[in-house]
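Participant: My questions concern the predicted model and sequence given below.
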Amino acid sequence: MTDTTELTATGSPTTGPGATAPAEPVAAPRGGGAQPGRPGDAPPLSPRELLRWSWRQLTSMRTALLLLLLLALAAVPGSVVPQRDVDAIEVTQWQDAHPGLTPLYERLGLFSVYDSAWFSAVYLLLMVSLAGCIVPRTAVYWRALRAAPPPAPKNLRQLPAHASFETAAPPDVVRAQARTVLRRRRYRVAADRPGEPQDAVAAERGHLREAGNLLFHVSVIVVLVGFAYGQLLGFKGGTIVLTGRGFSNTLSQYDDFNPGSLFDPAGLAPVSIDVEDFRVRFLPSGPQAGQPVEFTADVTYREEPGAPEREHRLEVNHPLQLDGVSVFLVGHGYAPVLTVTDGDGNVTKEPVVFLPQDSTFASFGVVKLPDASPRQLGFEGMFYPTFASTGRDPYSAFPDALRPVVSLFGYSGDLGMDDGAPQSVYQLDTAGLDRFERAPGNPVRFDLELGETMQLPDGQGSISFDGYQRWVKLQVSDTPGKGLALGGIVVGLLGLMGSLFVRRRRTWVRVTPRGDRTLVEVAGLDRSTVAEGLEDEVRRLAEALGAPPTDHRSTDSRSTDSSTRSATP
């Protein structure tokens, strides 16, 4: 009698009825670890396997999409928080207004988002992920492009769209006609395969869909490389220029300068610009009163020393392009002309740049006179283009200079500028200064209208408001990779359109002799998720091969006309 081996309810082998075979000892996996027989345990991955698994996760399309979304989210703080490479003055104002958040934002790099380590990490991971997705998919696409369309299925009626009819034309004629019609419709027709039945014609089109998809992903890498190239080799700087004065493209002329990691200052173009005039027009009334309608600056420039002088009108979003650099008009404001006479009779007269604080152009500024005697003098306060007051606190009622007033607090003492430590021209360190006061705790405020002069306490001189000038903020930048990035965007849009609108389709035409007639079957398969228009295309192809025309806009994917049903078993 021969014993039979069977499985018990738990899956353990038994020999004979009721007899359980002894369990074979199972070797532990290499490198240690739990035996696979224990539920819930799995052998640990070797370093090589862990590296391979991590690479597959990183180069998956899901990870690439998540990184792309993460990069978009990471860029949000750059549009919400002021950036140093855009407007360092606004960053300083924000920090003064939010002293509690400033240390945290500095540690997180939120004032230079696009130069931060965490943004660069997401940037590089996205590039690696996309490259890891594209390379194998390109190889698969190349093999699919060179492969012949697959042969016709045995039963074409099982396909989503199908039509059939009979014709008196011989089978060879119908096949030749089918090849011609399919090629005319941009199908790639398969050649006859030796040793296989020659009763069907196989054709395929729509490979450009995957090509567009790959092109889109490649263009994303191109855009990333273009922006990275511009960030590494380019620069961006800002400078405030008074009307009637000029600017030369040298490092010492910039108020803020942000070079790329690989930027060479010797490569700065020797451009010089003079601001001849500035005009601004505000809405005088209505719900948008005070909003600027336009502001323009008339400038003259030379592309290099000794070059002919040329004129240009700078407008918002219409930069001046010079020798690889772009000059933008990004801001404007007021510079009150103040005359200060110290206690020894020394006179200092100059325009002082005041920075706008709100939409009414109420502006804050600082005046420092380190050469004043017998004591150094300092002033800080506001400029109001259209002065108004609530009875106690002044404000500006309109951004245009309809009633300009300077309101300042004065100090005397040590400005702290003799120790060589750098200071901001827009901040006054009052640690070593004594404020001018009428009485302890009651400071003197100098409210000066145009042409007015006020005396300083204790015979320390006088201050007068003699007028104002306009200033403009120029942003000078060089982004060498912007052409590459723009080209990548254009190519990416073309690839995206191809991946959305090109349809991958396969079509077969089978001819079968039926006595003195020929049965022609036409079927199609759409490789996309939505087979829109497939039935109409199959119907039109059948009509081009000799099928009787039909008045229906589409053909039922599972039925044919009455003559076909009668002729087809």
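Facilitator: Great, that's in hand. Numbering: from 1, shown residues only.
Participant: Pull out the buried residues from the one helix or strand residue 499 maps to.
Facilitator: Using DSSP states H and E, residue 499 falls within helix 482-501. Within helix 482-501, the residues scored as buried using 16 or more other Cβ atoms under 10 Å are 482, 484-485, 488, 491-492, 495, 498-499. Quick note: C-beta positions are derived from backbone N, CA and C, even for glycine.
Participant: Need those residues in TSV (columns: pLDDT and distance to residue 320).
Facilitator: Listed next are the buried residues of helix 482-501 as TSV, based on pLDDT from 0 to 100; distance: Cβ to Cβ, whole Å:
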residue	pLDDT	distance to residue 320
482	87	16
484	92	22
485	92	21
488	93	26
491	94	29
492	92	29
495	92	34
498	88	38
499	87	39
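Participant: between these, which is nearest residue 212?
Facilitator: residue 498 (2.5 Å; Cβ to Cβ).
Participant: Distance check, that closest one against residue 115.
Facilitator: 35 Å (Cβ to Cβ, to the nearest Å).
Participant: Remind me what the helix holding residue 499 packs against, helices and strands.
Facilitator: helix 207-233 (3 or more Cβ pairs under 8 Å, 6 or more residues apart in numbering; DSSP states H and E).
Participant: Within its sheet, name the partner strands of the helix or strand that the helix it packs on is followed by and how each one runs.
Facilitator: Counting by DSSP H and E, the next helix or strand C-terminal to helix 207-233 is strand 235-242. Taking DSSP bridges as the criterion, strand 235-242 pairs within the sheet with strand 256-259 (antiparallel), strand 461-478 (antiparallel).
Participant: among the ones you listed, which is nearest residue 321?
Facilitator: Set against residue 321 and scored by Cβ to Cβ, the strands paired with strand 235-242 come closest in strand 461-478, at 10.7 Å.
Participant: returning to what we had before: most tightly packed of the strands paired with strand 235-242?
Facilitator: Counting by mean count of other Cβ atoms under 10 Å, strand 461-478 has the highest mean neighbour count of those, with a mean of 20.
Participant: between that strand and helix 207-233, how big is the angle?
Facilitator: Relative orientation of strand 461-478 versus helix 207-233 (axes from the mean of the first three to the mean of the last three Cα atoms, to 10 degrees): 140 degrees.
Participant: Just the CA atoms of strand 461-478, as CSV, please.
Facilitator: The C-alpha trace of strand 461-478 is given here as CSV (Å, rounded to 0.1, in the frame of the first residue of the first chain):
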residue,chain,number,x,y,z
GLY,A,461,22.3,124.9,16.1
SER,A,462,19.3,124.8,13.9
ILE,A,463,17.5,122.6,11.3
SER,A,464,15.5,123.6,8.3
PHE,A,465,13.4,121.9,5.7
ASP,A,466,14.3,123.3,2.3
GLY,A,467,12.6,121.0,-0.2
TYR,A,468,12.6,117.4,-1.4
GLN,A,469,13.8,115.2,-4.2
ARG,A,470,12.5,112.0,-5.6
TRP,A,471,14.5,108.8,-5.5
VAL,A,472,14.0,105.6,-7.4
LYS,A,473,14.9,102.0,-6.5
LEU,A,474,16.7,100.2,-9.3
GLN,A,475,17.1,96.5,-9.3
VAL,A,476,20.0,95.2,-11.5
SER,A,477,20.1,91.5,-12.2
ASP,A,478,21.8,89.0,-14.4
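Participant: And that strand, how far out from the chain middle?
Facilitator: With Cα atoms, centre = their mean, to the nearest Å as the basis, strand 461-478 stands 35 Å off its chain's centre.
Participant: Let me know the average pLDDT across it.
Facilitator: For strand 461-478, mean pLDDT is 95.
Participant: Same check on stretch 86-99?
Facilitator: 82.
Participant: List the buried residues of that stretch.
Facilitator: Across stretch 86-99, burial judged by 16+ other Cβ under 10 Å covers 86-95.
Participant: now do stretch 329-346
Facilitator: 329-338, 340-343.
Participant: Helices of the chain, residue ranges please.
Facilitator: For the chain, the helices defined by DSSP state H occupy 47-58, 61-74, 76-80, 88-97, 102-108, 117-146, 171-184, 207-233, 482-501, 534-544, 562-567.
Participant: which non-adjacent residue is nearest residue 187?
Facilitator: Distances taken as Cβ to Cβ, 6 or more residues apart in numbering place residue 203 nearest to residue 187, at 3.8 Å, with adjacent residues excluded.
Participant: what's the burial count for the one you found?
Facilitator: Residues within reach of residue 203, counting by other Cβ atoms under 10 Å, total 23.
Participant: same check, this time on residue 460
Facilitator: Residue 460 sits with 19 neighbouring residues when counted by other Cβ under 10 Å.
Participant: quick one, what contacts it?
Facilitator: 342-343, 374-375, 377, 412 (Cβ atoms under 8 Å, 6 or more residues apart in numbering).
Participant: Please determine how far it is located from residue 99.
Facilitator: In this view, residue 460 and residue 99 are 32 Å apart by Cβ to Cβ.
Participant: And residue 206, by the same measure?
Facilitator: Distance, residue 206 to residue 99, using Cβ to Cβ: 61 Å.
Participant: Run through the chain and note the low-pLDDT ranges.
Facilitator: Scanning the chain for pLDDT under 70 picks out 1-42, 193-197, 529-531, 551-569.
Participant: The same query, at a cut-off of 80, please.
Facilitator: Scanning the chain for pLDDT under 80 picks out the ranges 1-43, 45, 61, 85-89, 191-198, 323-324, 391-392, 419-421, 527-532, 550-569.
Participant: Show me it divided up by domain.
Facilitator: Residue ranges for the domains of the chain, per automatic domain parsing: 47-143, 159-204+503-567, 235-332+475-482, 335-471.
Participant: Relative to the whole chain's centre, how far out is the longest one?
Facilitator: This points to domain 335-471. Relative to its chain's centre, domain 335-471 lies at 43 Å (Cα atoms, centre = their mean).
Participant: okay, how far is it across it, tip to tip?
Facilitator: Start to finish, the residues bounding domain 335-471 are 7 Å apart (Cα to Cα, to the nearest Å).
Participant: just the third one next, same as before
Facilitator: Start-to-end span of domain 235-332+475-482 (Cα to Cα) is 12 Å.
Participant: centre of the chain versus that domain, how much separation?
Facilitator: Domain 235-332+475-482 sits 24 Å away from the centroid of its parent chain (Cα atoms, centre = their mean).
Participant: ditto for the second one
Facilitator: In this view, domain 159-204+503-567 has its centroid 47 Å away from the chain centroid, taken as Cα atoms, centre = their mean.
Participant: quick one: contacts for the closest residue to residue 437 other than its chain neighbours?
Facilitator: In space, residue 437 comes closest to residue 443 once its chain neighbours are excluded; the distance is 5.2 Å by Cβ to Cβ, 6+ apart. For residue 443, the contacting residues are 409, 435-437, by Cβ under 8 Å, 6+ apart.
Participant: so how far is residue 484 from residue 443?
Facilitator: Separation of residue 443 from residue 484 (Cβ to Cβ) stands at 57 Å.
Participant: Residue 75: which of the buried residues of stretch 86-99 is nearest?
Facilitator: residue 86 (13.3 Å).
Participant: Quick check: that closest one vs residue 414, distance?
Facilitator: Applying Cβ to Cβ to residue 86 and residue 414 gives a distance of 35 Å.
Participant: if we can go back for a sec, what sits up against the helix holding residue 499?
Facilitator: The contact list for helix 482-501, computed with Cβ under 8 Å, 6+ apart, reads 208-223, 225-227, 229-230.
Participant: again with stretch 215-234
Facilitator: Stretch 215-234 has contacts (Cβ under 8 Å, 6+ apart) with 64, 68, 114-115, 123, 126-127, 130-131, 133-134, 260-263, 477-489, 491-492, 494-496, 498-499.
Participant: Can you give me every residue that contacts residue 510?
Facilitator: Counting by Cβ under 8 Å, 6+ apart, residue 510 touches 152, 156, 199-201, 520-521, 523.
Participant: Which of the residues you listed sits closest to residue 183?
Facilitator: Nearest to residue 183 among these: residue 201, at 10.4 Å, using Cβ to Cβ.
Participant: Now residue 78: closest residue in space, sequence neighbours ignored.
Facilitator: Distances taken as Cβ to Cβ, 6+ apart place residue 113 nearest to residue 78, at 3.8 Å, with adjacent residues excluded.
Participant: Lovely, talk soon.
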